[in-house]
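Trainee: Build me a model:
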Amino acid sequence: MTNDYYDAMEDFNLLSEGEQVSLWSEFCRDKGSYDDEVFYNDDDFFDNMFPSNMGIARAVWYSGDNYRYCDKFVKFDAYGNLKSAAYLKDLADLEDDDFLEFLHNKGV
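Mentor: Residues are numbered from 1 along each chain as shown. Next up, the predicted model:
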């Protein structure tokens, strides 16, 4: 890994939380890895991702201990269940070589 990639990660860490989430989501969409996309755990997420309350109930129920309402971030697992965390780094592999290359290419 080159120093340019490390510099990109250092610059990424200086961005606002919203900018970090946005860049991670863009990276996931670009590579077609929608299961890795991370969202804010808020009403907008549930309104946009679930057509009904039953869908929400199912996704939370089958998530077991992987979902907590008070966590700040949420993502889907491979089965469509929810996984949450208080910090972006706990749901996103921010040190992935492809992500670091993406940051470098974006000029971050």
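Trainee: how much space between L91 and D35?
Mentor: From L91 over to D35 the distance is 11 Å, taken as CB to CB, to the nearest Å. Every residue, glycine included, has its C-beta placed from N, CA and C.
Trainee: hmm, I was thinking of G55
Mentor: 17 Å.
Trainee: Please apply the same query to L15.
Mentor: Separation of L15 from D35 (CB to CB): 23 Å.
Trainee: What helix or strand is F46 located in?
Mentor: Taking DSSP states H and E as the criterion, F46 maps to helix 43-49.
Trainee: Keeping just the C-alphas, turn that helix into PDB.
Mentor: Extracted as PDB, the C-alpha positions of helix 43-49 are listed here (Å, rounded to 0.1, in the frame of the first residue of the first chain):
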ATOM      1  CA  ASP A  43     -36.900   7.400  10.600                       C
ATOM      2  CA  ASP A  44     -35.900   8.300   7.000                       C
ATOM      3  CA  PHE A  45     -34.100   5.000   6.700                       C
ATOM      4  CA  PHE A  46     -37.100   3.000   7.700                       C
ATOM      5  CA  ASP A  47     -39.500   5.100   5.600                       C
ATOM      6  CA  ASN A  48     -37.400   4.700   2.500                       C
ATOM      7  CA  MET A  49     -36.300   1.000   2.900                       C
END
